[in-house]
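heads up, no residue letters with this:
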Ligand SMILES: [Zn+2]
């Protein structure tokens, strides 16, 4: 099972993450169960207010931590932890109760106890019995093909995409439409998104919506979006949530493309950089099985890593940024082509096109080497248009990385083309929701 394999590989990272996950949901409950909670409730309002204002922050925090977890809390956490383990095993592949018991280390009785409610509410389904050699025929459990789904939506400069994703990672629907969003207002863009979501949801139970935008986002709000400036400052998650009446989570497209390679299947291990080029360059950094977003969402801005101090001016106000040398628009311009397909075709015969892609690859290699030296990750995934040009780009990228990556002497950085094509971002947006549901299985009972 994936969880167990990871536990061997990343013992500390996983342990800490698990501890964090288990600690956080019960913090409020513990606060509610404080012995003097009643006293606080009955005290006059002004006194309560003053007391809280005057108490130093660290003392208030410590008081909450010292209160022991009740037995009921503890049992609930154990049950949710076990349920998470079972769901992760089922994301890996379906299995009979005996098979799941063997893969998770839980008893068959515990397994039945955990899965019964999910069979009853249509999240799981028991398949017809199959004979597997001697003994009783086994009845595999799997996620119900008509069970709840997550919706992923991608807003981009010239298109919108939607993906309806089951908990098992199977795509129920996916669709991409042309839309000129560059000059559209947030209101217009959201109107288009709502239409698309309603068109593809049908009467399925929906777990939530993941929304991807080509920009930096923080707390559900777009902070920076050079190619969709009308969205800057808009709290898109809250606005779409109120229009759809569903929970919406907003994230940056590069982060979500990276997530699509991590969940529900590991396509590039647990530590990698996913890089793609559209109008700009987007990179998602995955460390120890988590997308690294930074404090305010700006992590992984590979496109604005400087590779030439006094180089070409960039839209960000700096000079010599990677995207001024390795962006798709630069490659197309230097190759004298207008579209990616046209450029890919020209690479068969046209030396000018080959030179343009090779030079872009070298610039990208210099930028990636910096990232490798900072994060020491073993794999680079070339996505989007870079995946299409992979064959011609990778030689040039590697030539720069081989001489610049310090760990290169120890091991070769793996350079692979993404298998997800143009739907990586929207798949990651939907995956954001299915992953959160599996990590917080109490959502399945909401
Ligand atoms: Zn820049």
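Received, thanks. Note that the structure is predicted; figures quoted are calculated from it, not measured.

For the rest of this, base every contact and every neighbour count on C-alpha atoms.
Noted.

The ion versus the residue nearest to residue 276 when sequence neighbours are not counted, what's the distance?
Nearest residue to residue 276, sequence neighbours excluded (CA to CA, 6 or more residues apart in numbering): residue 383, at 4.8 Å. Distance check for residue 383 against the ion: by CA to the ion, to the nearest Å, it reads 20 Å.

Show me the strands in the stretch 101-250 of the chain, by range?
124-126, 141-143, 149-155, 159-166, 171-178, 206-213, 216-218, 221-224, 248-252 (DSSP state E, counting those that start in this stretch).

Report the distance from the second one to the chain centre.
Read it as strand 141-143. From the chain centre to the centre of strand 141-143 is a distance of 23 Å (CA atoms, centre = their mean, to the nearest Å).

Next, the buried residues of it.
Within strand 141-143, the residues that count as buried by 16 or more other CA atoms under 10 Å are 141-143.

swap in the fifth one?
Counting neighbours by 16+ other CA under 10 Å, one finds that the buried residues in strand 171-178 are 172, 174, 176.

Out of the residues you listed, flag the one nearest to the ion.
Among these, residue 176 lies closest to the ion (CA to the ion), at 29.2 Å.

which bits of this structure sit near the ion?
Residues of the chain found near the ion (CA under 5 Å from the ion) are 304, 314, 316, 321.

Please, a PyMOL command that selects the buried ones among the residues you listed?
In PyMOL syntax, the buried subset of the residues of the chain next to the ion is picked out as below (16+ other CA under 10 Å):
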select buried, resi 304+314+321
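
Save the residues of the chain next to the ion as TSV, and put in secondary structure and pLDDT too.
TSV is the format used below for the residues of the chain next to the ion (DSSP: H, G, I helix; E, B strand; the rest coil; pLDDT from 0 to 100):
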residue	secondary structure	pLDDT
304	helix	92
314	coil	92
316	coil	86
321	strand	96
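
so how many other residues sit close to whichever residue of the stretch 151-300 of the chain sits closest to the ion?
The ion sits closest to residue 280 of the stretch 151-300 of the chain, with a gap of 9.3 Å, by CA to the ion. Neighbour count for residue 280, taken as other CA atoms under 10 Å: 22.

Now for it: which residues touch it?
Contact partners of residue 280, counting by CA atoms under 8 Å, 6 or more residues apart in numbering, are 303, 323, 327-328.

Go through the residues you listed and flag which are in strands.
Assigned to strands by DSSP state E, none of the contacts of residue 280 qualify.

pLDDT, neighbour count and distance to residue 375 for those residues - can I get that in a markdown table?
A markdown table is the format used below for the contacts of residue 280 (pLDDT from 0 to 100; neighbours: other CA atoms under 10 Å; distance: CA to CA, whole Å):
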| residue | pLDDT | neighbour count | distance to residue 375 |
| --- | --- | --- | --- |
| 303 | 92 | 25 | 16 |
| 323 | 93 | 29 | 20 |
| 327 | 94 | 24 | 23 |
| 328 | 94 | 23 | 25 |
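
Right, I'll call it a day here.
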